[in-house]
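1. sequence plus predicted model, see below.
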Amino acid sequence: MSKPFSALGINDALQRGLADLHISEPTDIQQKTIPVILQQTDDVVAIAKTGTGKTAAFGLPLLQLIDRDATNLQAVILAPTRELGQQIHANLVDYATYMNGISIAAVCGGIPIKPQIERLQSTTHIVVATPGRLADLVKRKAIDISKISYFILDEADEMVSALKEGLDTIIKEIPKTRRTLLFTATLSGAIKQLVQNYMSKKVVHIEANMSTVGHQGIDHQFVVVEPIEKLDVLLHFLNFREGQRGIIFCKTKAAVNKLAKKLAINKFSSGALHGSLSQGIRDRIMSQFREGHIDILVATDLAARGIDVKEIAYVVNYHLPDTYEAYVHRSGRTARAGAKGFAITILQQEEVFEISEFQEELGIQFSEYKKADLQSLEKNKTLLWARKLFKTKPNRHISEALRKDVRTIFHHLTKEELIEKLLADYVSKTTLGAPRQDANNTKKNKQ
């Protein structure tokens with residue numbers, strides 16, 4: 001049985017903030033981490049998969065340790081993406097609703113820097129930042145991080161691999177006496193090197209119960225396809241999950257754009273998300289996804305960091321990720337807050353052997369998803385064709401004379417007859433319309 005937040009040492013003001021958020025029971029990583037941060041002074045390395053409550057694990061004790069009477073910057077929290085940084089900032093503000101006098105700022109890339117510089121001229125106790133933007137602010141002397149007491153790295157595995165240059169600049173500027181709290185999904189070689197190079201010799205290692213947390217509630221499956229049928233298999237999968245929200249992961253920005261275009265052509269409610277899009281477009285797409293205006297996100301790994309939407313029913317790996325850490329972060333977008341989730345990976349035959357490696361490394365079990373047969377795929381194409389036709393908007397540029405001539409041809413047909421003719425025309429161009437040999441014909445041919 002888990003301890004309440006009060007037993008972990010969290011004060012009344014923060015407990016009131018948690019109550020407003022309907023958070024009453026700490027997760028495993030919170031139970032293990034909060035007392036260590038509050039009661040000890042050592043650096044911390046916490047290994048916890050996505051969706052396990054890491055933000056509260058470091059955010060609650062940090063808010064409690066901040067000296068609200070002081071005016072200097074006391075803590076820096078780094079996140080790999082603006083989306084995750086904004087999420088952390090929003091969570092901290094919510095937790096601190098009843099803690100008067102505490103000031104938290106977010107300074108992330110992708111938006112104008114001038115308002116952030118002006119914001120930092122006011123008293124700020126905690127800064128949530130992306131590495132590139134913080135390094136820029138340091139170079140401009142717009143922020144002083146030389147006297148901070150706490151340095152927190154969230155999803156550090158992504159920062160050391162993709163954003164190392166900015167991270168190195170920041171670490172050179174912060175005091176050696178600071179306390180570092182590092183949160184990561186896996187203890188990769190790069191993370192071990194960072195711990196060795198930049199953290200104190202005495203480090204407390206904490207690990208969430210990986211057997212029950214992180215992949216809990218996720219059904220991991222894979223399907224093997226021929227290259228030519230990969231898109232058709234995906235569209236078949238999506239068509240039977242219409243109305244559910246999901247994320248499809250691709251390796252590259254180009255692949256994201258190409259697949260998102262294919263989904264749009266087939267009238268799926270979807271949007272693309274990758275690093276080359278302007279921040280305004282990324283924010284708009286994320287807002288549409290969170291509010292339920294679009295059902296499907298097609299995204300790269302880094303762009304999808306910080307997506308904390310509880311009702312994501314499924315995750316599709318359209319391309320197998322390059323690292324085990326990436327799979328953890330991808331699949332962790334579903335089954336959040338105790339919900340059930342589904343993660344499916346689409347493979348080609350030469351990739352199947354990698355599944356056993358992912359199972360062994362991550363301690364999870366994959367089952368094989370039954371691929372739709374050719375007849376089902378063609379039937380699904382027909383349904384998609386019908387939906388495209390239904391959702392096609394009238395072309396106002398067609399002349400009235402042409403409209404009249406076409407109407408004259410069809411005017412004697414009922415709606416049912418017109419549908420039959422349209423369907424027959426479409427099916428005649430697919431394998432569904434291929435002539436079938438019955439038993440008698442086959443017998444005659446043999447004679």
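-> That came through, no problem.
2. wait, Val315 touches Ala335, no?
-> No. Val315 is not in contact with Ala335 according to Cβ atoms under 8 Å; the separation is 9.2 Å. Placement of C-beta: from N, CA and C, glycine included.
3. what touches both of these two?
-> Taking Cβ atoms under 8 Å, 6 or more residues apart in numbering as the contact rule, the neighbours common to Val315 and Ala335 are Gly341.
4. okay, now the unreliable bits of this structure?
-> Residues of the chain that meet the criterion pLDDT under 70 lie in 1-2, 50-51, 161-165, 209-216, 303-308, 336-339, 431-447.
5. break it down into its domains, please.
-> 5-207, 218-374 (automatic domain parsing).
6. and of those domains, who's closest to Glu400?
-> When these are compared for distance to Glu400 using Cβ to Cβ, the nearest one is domain 218-374, at 27.5 Å.
7. and the closest one, how far from the chain's centre?
-> 9 Å (Cα atoms, centre = their mean, to the nearest Å).
8. ends of it, what's the gap?
-> By Cα to Cα, to the nearest Å, the extent of domain 218-374 from end to end equals 28 Å.
9. can you check stretch 238-254 too?
-> Using Cα to Cα, the gap from the first to the last residue of stretch 238-254 comes to 21 Å.
10. strands of the chain, start to end?
-> In order along the chain, the chain carries the following strands (DSSP state E): 43-47, 75-78, 104-107, 126-129, 150-153, 179-184, 203-207, 218-225, 245-249, 270-273, 296-299, 312-317, 341-348, 366-368.
11. quick one on the thing from earlier: okay, the domains of the chain in a markdown table with distance to Thr408 and mean neighbour count next?
-> Supplementary listing: the domains of the chain in a markdown table, determined by distance: least, Cβ to Cβ, whole Å; neighbours: other Cβ atoms under 10 Å:
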| stretch | distance to Thr408 | mean neighbour count |
| --- | --- | --- |
| domain 5-207 | 55 | 19 |
| domain 218-374 | 30 | 18 |
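12. just put those domains in a markdown table and tack on distance to Val406.
-> Conversion of the domains of the chain to a markdown table gives the following (distance: least, Cβ to Cβ, whole Å):
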| stretch | distance to Val406 |
| --- | --- |
| domain 5-207 | 49 |
| domain 218-374 | 23 |
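13. Leu302 versus Ser269, what's the distance?
-> Ser269 sits 24 Å away from Leu302, going by Cβ to Cβ, to the nearest Å.
14. before we move on, what about Leu137?
-> Distance check for Leu137 against Leu302: by Cβ to Cβ, it reads 21 Å.
15. tell me who's in contact with Ser200.
-> Residues in contact with Ser200 (Cβ under 8 Å, 6+ apart) are Asp42, Asp43, Thr180.
16. could you do Thr252 as well?
-> Applying Cβ under 8 Å, 6+ apart, the residues near Thr252 are Thr300.
17. any chance of the backbone angles for it?
-> Note on Thr252: its backbone torsions stand at phi -120, psi 160 [degrees, to the nearest 10].
18. tell me the spacing between it and Ile47.
-> The span separating Thr252 from Ile47 equals 29 Å under the rule Cβ to Cβ.
19. what of Arg140?
-> As for Arg140, its distance to Ile47 is 35 Å (criterion: Cβ to Cβ).
20. next: Ser122.
-> Counting by Cβ to Cβ, the separation of Ser122 from Ile47 is 36 Å.
21. cool, and Phe366?
-> 22 Å.
22. what do you get for Glu158?
-> Taking Cβ to Cβ as the measure, Glu158 and Ile47 are separated by 14 Å.
23. check Ser356 too.
-> 23 Å.
24. any idea how far the lengthiest helix in the chain is from the chain center?
-> Ranked by residue count and defined by DSSP state H, the top helix of the chain is helix 374-391. Relative to the centre of its chain, helix 374-391 is centred 29 Å away, using Cα atoms, centre = their mean.
25. same check, this time on stretch 81-91
-> 13 Å.
26. residues in contact with that stretch?
-> Outside stretch 81-91, the residues that touch it by Cβ under 8 Å, 6+ apart are 55-56, 59, 77, 79, 104-106, 108-111, 128-130, 154-155, 279, 282, 286, 302-303, 305-308.
27. put the alpha carbons of that stretch into CSV.
-> Taking Å, rounded to 0.1, in the frame of the first residue of the first chain, the C-alpha atoms of stretch 81-91 are listed here in CSV:
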residue,chain,number,x,y,z
THR,A,81,11.6,20.1,-26.2
ARG,A,82,9.5,23.2,-25.8
GLU,A,83,6.3,21.1,-25.5
LEU,A,84,7.7,19.2,-22.5
GLY,A,85,9.1,22.4,-21.0
GLN,A,86,5.7,24.0,-21.2
GLN,A,87,4.1,21.0,-19.7
ILE,A,88,6.5,21.0,-16.8
HIS,A,89,6.0,24.7,-16.2
ALA,A,90,2.2,24.3,-16.2
ASN,A,91,2.4,21.4,-13.7
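28. for Ile398, grab the count of nearby residues.
-> The burial metric for Ile398, expressed as a neighbour count using other Cβ atoms under 10 Å, is 10.
29. from Arg407, how far out is it?
-> Note on Ile398: its distance to Arg407, by Cβ to Cβ, is 11 Å.
30. overlap of the contact sets of the two?
-> Between them, Ile398 and Arg407 share no contacting residue, judged by Cβ under 8 Å, 6+ apart.
31. now the longest helix of the chain: buried residues?
-> Neighbour-count burial for helix 374-391, counted by 16 or more other Cβ atoms under 10 Å, picks out Leu377, Glu378, Lys379, Asn380, Lys381, Thr382, Leu384, Trp385.
32. double-check Gln221 against Ile346; I have them as touching.
-> No. Proximity of Gln221 to Ile346 does not meet the contact threshold set by Cβ under 8 Å, at 10.2 Å.
33. bridging residues for the closest residue to Asp157 other than its chain neighbours?
-> Leaving aside its sequence neighbours, Asp157 sits nearest to Thr184 (Cβ to Cβ, 6 or more residues apart in numbering; 4.6 Å). Beta-bridge partners recorded for Thr184 (DSSP bridges): Ile47.
34. measure Thr184 to Lys176 for me?
-> Shown here: Thr184 relative to Lys176, a distance of 22 Å by Cβ to Cβ.
35. Asp322 too?
-> Asp322 sits at a distance of 34 Å from Lys176 (criterion: Cβ to Cβ).
36. what of Arg245?
-> Using Cβ to Cβ, one obtains 45 Å as the distance from Arg245 to Lys176.
37. cool, Leu389 as well?
-> When distances are taken as Cβ to Cβ, Leu389 and Lys176 turn out to be 67 Å apart.
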